[in-house]
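**Student:** For reference, the sequence and a predicted model appear below.
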Amino acid sequence: MKSLSLVIALYNQLEFTRQCLASIKAYTPAPFELILIDNGCVDGTAEYLRGVDATVISNAQNLGCAKAWNQGIRASRGDVIGILNNDLLMTAGWSEALLAFMEQGEYGIVCPSAREGPLDYDLAAYAREFTQACAGAVRRELYAPCMLIDRAVFDRIGLFDEAFSYGGCEDTDFLWRTKAAGFSVAMTGSALIHHFSKVTQVAVSRTETDQYWDHNMAHFKQKWGRTIRGNWFQRRLTDVRAKLVKRSEQRRFGHTLVEKFPRRV
């Protein structure tokens, strides 16, 4: 089994970070390397990280996802580097399932399935049922909040594009470069995580005033000659394909690989 390094960029949201790291500790078998990037946190995260068994990289200000991830990748030693959001909860067997899936399929990037939304259910029980039902499910897509990347991908195409500021587009850009270099990318139903979803992104959008999303979209279009979603026909085709994939997964496995549930009332 390949060795694993986990890289997490942090920008405030301390309580989510606590929960995420606790779940990693509980459900990720040793040995693995944990690298945390304090991206200018001002909410007590820096003080909390002093007591965490991890490599901590501290930035005086928020450098954005791409630059922070690259700092972590450069500091890492694993054969596989996991890029994780801090608003995730891992479940039993998640890393073993993903590493096995990567080796069996010779993928460059692998991702787990996810349930998104509030944690108002029994995650451990749900994950057991889900992974048993969906063990054979594969979707040829990227799930950016949690992606395990073979070091060979970085060796061939380089790191994340640091011209993307804060967060947005850098994951799609990296995906397209990965595929262009001949690597395969896939999600598996053999691993499930919980994702609270867009916790840090929403916080950044409330505090930053430099229109970073417009900047990122413009940079992406300059690189690729189109927006992420493309023209009307490309958007329509993508939406139709997505609906067909979800219907097929639901029919075959009783689940879709990315499940979104509203808060219960």
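**Tutor:** Nice, I can see it.
**Student:** can you give me the strands for the stretch 101-250 of the chain?
**Tutor:** 109-116, 138-139, 146-150, 185-195 (DSSP state E, counting those that start in this stretch).
**Student:** any chance of those strands in TSV, plus mean neighbour count?
**Tutor:** C-beta here means a position set from N, CA and C on the backbone, and glycine is covered the same way. As requested, the strands of the stretch 101-250 of the chain are exported to TSV (neighbours: other C-beta atoms under 10 Å):
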stretch	mean neighbour count
strand 109-116	25
strand 138-139	19
strand 146-150	24
strand 185-195	24
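**Student:** For residue 69, which of these is the nearest?
**Tutor:** strand 146-150 (10.0 Å; C-beta to C-beta).
**Student:** Check the offset of the longest helix seen in the chain from the chain's centre.
**Tutor:** If you go by DSSP state H, the chain has its longest helix at helix 232-253. Relative to the centre of its chain, helix 232-253 is centred 21 Å away, using C-alpha atoms, centre = their mean, to the nearest Å.
**Student:** residues making contact with it?
**Tutor:** Identification of contacts with helix 232-253 by C-beta atoms under 8 Å, 6 or more residues apart in numbering yields 133-134, 136-137, 139, 189, 226, 229-230, 255-257.
**Student:** got it, and stretch 68-80?
**Tutor:** Against stretch 68-80 from outside (C-beta under 8 Å, 6+ apart): 2-5, 7-9, 32-33, 35-37, 39, 55, 57, 59, 63, 81, 83, 99, 102, 148-151, 154, 159-160, 162.
**Student:** if we can go back for a sec, got the buried residues for the longest helix of the chain?
**Tutor:** 246, 249, 253 (16 or more other C-beta atoms under 10 Å).
**Student:** Following the chain onward from it, which element is next?
**Tutor:** Downstream of helix 232-253, the first helix or strand assigned by DSSP states H and E is strand 258-260.
**Student:** Partner strands of that following strand and their direction?
**Tutor:** strand 109-116 (parallel) (DSSP bridges).
**Student:** Near the closest residue to residue 113 other than its chain neighbours, how many other residues are there?
**Tutor:** Distances taken as C-beta to C-beta, 6 or more residues apart in numbering put residue 257 closest to residue 113, at 4.2 Å, once the chain neighbours are dropped. Close neighbours of residue 257, defined as other C-beta atoms under 10 Å, add up to 24.
**Student:** List the contacts of residue 257.
**Tutor:** 113-114, 134, 137, 139, 187, 189, 249.
**Student:** now swap in residue 175 and tell me
**Tutor:** Counting by C-beta under 8 Å, 6+ apart, residue 175 makes contact with 109, 142, 144, 185.
**Student:** now residue 256
**Tutor:** By C-beta under 8 Å, 6+ apart, the contact list for residue 256 reads 246, 249-250.
**Student:** For residue 47, give its distance to residue 176.
**Tutor:** 39 Å (C-beta to C-beta, to the nearest Å).
**Student:** Compare the two (neighbour count), which wins?
**Tutor:** Between residue 47 and residue 176, residue 176 has the larger neighbour count (other C-beta under 10 Å), namely 15 against 10.
**Student:** and residue 136, how many residues sit next to it?
**Tutor:** 10.
**Student:** ok, now which ones touch the closest residue to it other than its chain neighbours?
**Tutor:** The spatial neighbour of residue 136 that comes closest, neighbours along the chain excluded (C-beta to C-beta, 6+ apart), is residue 189 at 7.0 Å. Neighbour list for residue 189: 113, 130-131, 133-138, 253, 255, 257 [criterion: C-beta under 8 Å, 6+ apart].
**Student:** For the contacts of residue 175, which two are the farthest from each other?
**Tutor:** 144 and 185 (10.8 Å).
**Student:** Same question for the helix or strand harbouring residue 66: list its buried residues.
**Tutor:** Using DSSP H and E, residue 66 maps to helix 65-75. Going by neighbour count (16+ other C-beta under 10 Å), the buried part of helix 65-75 is 65-73.
**Student:** Let me know the pLDDT of residue 264.
**Tutor:** We have a pLDDT of 54 for residue 264.
**Student:** circling back: out of the buried residues of helix 65-75, what pair is the most spread apart?
**Tutor:** The most distant members of the buried residues of helix 65-75, if one measures by C-beta to C-beta, are 65 and 73, lying 11.9 Å apart.
**Student:** Since that was my last question, I'll sign off now.
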